[in-house]
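Give me the fold of what follows.
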Amino acid sequence: MIIAAAQTKPHNGNIDANINDHLRFIEIAALHGVQLIVFPEMSLTGYERERAVELSFIPDDTRLNVLKELAVLHNMAIIVGAPISISGQLHIGSFIFSPDNTVSIYTKQFLHLGEEIAFSPNVNFNPVIQLAGETISLAICADIVNPLHPGNAAKKRTTLYVASLFYTPGGIAEAYQQLSEYAQTYSMNVLMANYTGTSYNLQSAGQSAFWNSNGALIGKMDEDSGLLIVNNDNANWIAHVSLIV
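Next up is the predicted model:
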């Protein structure tokens, strides 16, 4: 299996520009044979809290049909982040576009302090993805701070834990430690996608990364935009970086 973390620099509040960047990253990922790609938290809007209602998506949002089409065309699971309005409540969520032409939604379960002003946590949208022999569970940012989250993923026999983040330089070392520990404790591989650049007037740390099920760091990025591509070659994971300007 070939998977990728997309380390993007958001156009804050500019959905059209962000979608165009997603399309570009996906097309490059397809050239590498990627079967699953994950983007950072709220990748379609940038991390926007006060403008989240204005920028929000609905579950069957037609603006995202092109991503649904690319998932089928490239036989690729595509995971993108957005504020999502469901039944009158606003959530930080991920859209999962699957190669079988279906769309599912994951919603953030544990919020950072201050996010409750705009968003509601929700545990009811928590799909497990079956792809290429892997059982895949998702997380968004503060989800990884609560050990209950990866613990619950492990109960579902998760083999690949996929986290979408917006972490600053001050917090990324702790995220690395936590994700490595989860990988080792629960014997699951971990893929993490973080922003580069600035969002919400905060500098992002970049450093998207992958840990194998022993907790070993197999590959990481610096602060440039691009893809961290990880290939499972007979149970031996190999990573490389493809920079995208």
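
Can you read off the pLDDT for Ala235?
In this model, Ala235 is scored at 78, pLDDT.

For the lengthiest helix in the chain, output the C-alpha coordinates as CSV.
Counting residues, the longest helix found in the chain (DSSP state H) is helix 15-31. The C-alpha coordinates for helix 15-31 follow below in CSV (Å, rounded to 0.1, in the frame of the first residue of the first chain):
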residue,chain,number,x,y,z
ILE,A,15,-12.0,27.9,-0.5
ASP,A,16,-11.5,28.0,-4.3
ALA,A,17,-7.8,28.4,-4.0
ASN,A,18,-7.5,25.6,-1.4
ILE,A,19,-9.5,23.2,-3.6
ASN,A,20,-7.2,24.0,-6.5
ASP,A,21,-4.2,23.2,-4.4
HIS,A,22,-5.9,19.9,-3.3
LEU,A,23,-6.4,18.9,-6.9
ARG,A,24,-2.8,19.6,-7.7
PHE,A,25,-1.5,17.6,-4.8
ILE,A,26,-3.9,14.7,-5.6
GLU,A,27,-2.8,14.6,-9.2
ILE,A,28,0.9,14.4,-8.2
ALA,A,29,0.1,11.8,-5.6
ALA,A,30,-1.6,9.7,-8.3
LEU,A,31,1.6,9.8,-10.3
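
Can you point out the buried residues in it?
The neighbour-count check on helix 15-31 (16 or more other CB atoms under 10 Å) flags Ile15, Asn18, Ile19, Asp21, His22, Phe25, Ile26, Ile28, Ala29, Ala30 as buried. Where you see a C-beta, it was placed from the backbone N, CA and C, and this is true even at glycine.

How about the contacts made by Ile140?
Glu41, Gly81, Ile92, Gly93, Ser94, Tyr106, Lys108, Ala163, Ser164, Leu165 (CB atoms under 8 Å, 6 or more residues apart in numbering).

Try it again at 6 Å.
Residues in contact with Ile140 (CB atoms under 6 Å, 6 or more residues apart in numbering) are Glu41, Ile92, Lys108, Ser164.

center of this structure - which residue?
Centroid-nearest residue in the chain, with CA atoms, centre = their mean: Ser164, separated by 3.1 Å.

what residues are up against that one?
Val38, Pro40, Glu41, Gly81, Ile140, Ala193.

try it again with 10 Å
For Ser164, the contact set (CB atoms under 10 Å, 6 or more residues apart in numbering) comprises 5-6, 38-43, 79-81, 92-94, 106, 108, 138-141, 143-144, 191-195, 208.

which one is it nearest to, not counting chain neighbours?
Nearest residue to Ser164, sequence neighbours excluded (CB to CB, 6 or more residues apart in numbering): Glu41, at 4.7 Å.

show me what contacts the one you found?
Counting by CB under 10 Å, 6+ apart, Glu41 makes contact with 10, 47, 81-82, 92-94, 108, 139-143, 163-167, 193-195, 199.

chain center to stretch 222-229, what's the gap?
Relative to the centre of its chain, stretch 222-229 is centred 14 Å away, using CA atoms, centre = their mean, to the nearest Å.

tell me the mean pLDDT for the host helix or strand of Ala139?
Here Ala139, judged by DSSP states H and E, is contained in strand 134-140. For strand 134-140, mean pLDDT is 98.

Over to stretch 51-64?
Mean predicted confidence for stretch 51-64 is 96.

How about stretch 72-83?
Stretch 72-83 shows a mean pLDDT of 98.

what comes up buried for it?
Across stretch 72-83, burial judged by 16+ other CB under 10 Å covers His74, Met76, Ala77, Ile78, Ile79, Val80, Gly81, Ala82, Pro83.

Look up the residues forming beta bridges with the residue nearest to Leu64 when sequence neighbours are not counted.
In this structure, Leu64 finds its nearest non-sequential neighbour in Phe95, 6.3 Å apart by CB to CB, 6+ apart. Counting by DSSP bridges, Phe95 forms beta bridges with Val80, Ile105.
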